[in-house]
Structures are given as C-alpha cells and as structure tokens.
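Asker: model this:
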Amino acid sequence: MKTLILAATAALLATPVVAQDAPAAPAPVAGLDADALVLPGATLSPDCGNLYGLAGRAFCVSAPLASIGALAESYIATFQTQGWIPAGGEDNRVVFVRRRDAGGCDGLQMQAFYDTSRPAGPDTIGYIGLAPIPGDVCAARAPTPQPANPAGPPAQ
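Answerer: Numbering: from 1, shown residues only. Okay, here's the model as predicted:
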C-alpha cells in the first residue's frame, strides 16, 4: 500500500514547484472554486500535512483516516455533477477529465494519502489532494511511426 501511495503521488509532484519556505495558498484547480472544494467533513489543509512536498502544488483537505474513503466518494460525486468524468486511476487516486467548450480537455487528479511513518489508528489524519493536470489531456497524439517493411518493397 505504501508503494501505491508513493507511486500515485508522483503524478502530483510533476506540477511546477512553488516556493516552499512557507505553505502557499492552495493550488488552484481549473474551473473549481476553492471555497466550494471543502466539503462537509473536510478541513482545509494548505500544508497537505507536510507530506510528499505537496504544499503549494495541490489543494488539500484533511479528515480522520477512517472517513477518507467516504469523503473521496463525496468528492467524486461532486465533481461528476460539475461535468468531470472519472477516467482512470488506482486504489488511492482518481483522474478526471472534462471537455472544454473551445475544444480539448482539462484534467484533474485526486489523491488520498496519510503519513505512513506513523501507525494508522483512530487519531490518524488522512488527506485528499487535488491538482490540475497541465495542458490538454485530450490533445491528439503524434502518429506512431510505422516499422519499415523487412521484406523490402512489394514485387512488381
């Protein structure tokens, strides 16, 4: 589980670095109002628990670890009402896509995590981090080069 959390967090770490001297304001999430992102049961956590270098790179909320799963489900339902479509992910991460009016797509990722250096118990705090995926996540990919014909040109 620790490996999954760390691997999934790598995608959040790919966003540009913001000064790390003090926790920055939560990272903006495309098309979402920061105040509306703190759902019932969640507490704003601008420092993202000081975990994985996410302060200033992700918008984070915290809640008791036992309720993080239900809180994540609430975020998924909320995002779906705003046109975000869950498009992938794994155990503790969901990737969302939403079409832009002018074409292309915005991407958003949601990551659930906690401090794995501490024992998980009733007092453990869990976190949900939200971060935009830079660029157009629906951009056309370059054509894949076709391999050369090993048999040579067709016979005439």
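Asker: ok, longest helix in the chain?
Answerer: Longest helix of the chain, by residue count under DSSP state H: helix 68-81.
Asker: any chance you could map the helices in this structure?
Answerer: Secondary structure of the chain (DSSP H): helices at 2-13, 68-81.
Asker: where among the ones you listed is the average confidence lowest?
Answerer: Set side by side, these give their lowest mean pLDDT on helix 2-13, at a mean of 34.
Asker: dump the residue contacts of the residue lying closest to Gly88 once chain neighbours are set aside.
Answerer: In space, and not counting its chain neighbours, Gly88 is closest to Val95: 4.4 Å by Cβ to Cβ, 6 or more residues apart in numbering. C-betas here are computed from N, CA, C, even on glycine. Going by Cβ atoms under 8 Å, 6 or more residues apart in numbering, Val95 touches Pro86, Ala87, Gly88, Gly89, Gly107, Leu108, Gln109, Ile133.
Asker: Strands of the protein, start to end?
Answerer: 43-44, 59-64, 85-90, 93-99, 105-114, 125-133 (DSSP state E).
Asker: Now tabulate the ones you listed in CSV and tack on distance to Ala34.
Answerer: What follows is these, written out as CSV (distance: least, Cβ to Cβ, whole Å):
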stretch, distance to Ala34
strand 43-44, 8
strand 59-64, 7
strand 85-90, 21
strand 93-99, 17
strand 105-114, 13
strand 125-133, 10
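Asker: Of those strands, which is nearest Phe79?
Answerer: strand 93-99 (5.6 Å; Cβ to Cβ).
Asker: Stretch 37-45 spans what distance, first to last residue?
Answerer: Stretch 37-45 has an end-to-end distance of 11 Å (criterion: Cα to Cα, to the nearest Å).
Asker: That stretch: which residues count as buried?
Answerer: Leu37, Ala42, Ser45 (16 or more other Cβ atoms under 10 Å).
Asker: between those residues, which is nearest Ser74?
Answerer: In terms of Cβ to Cβ, no member of those lies closer to Ser74 than Ala42, at 8.4 Å.
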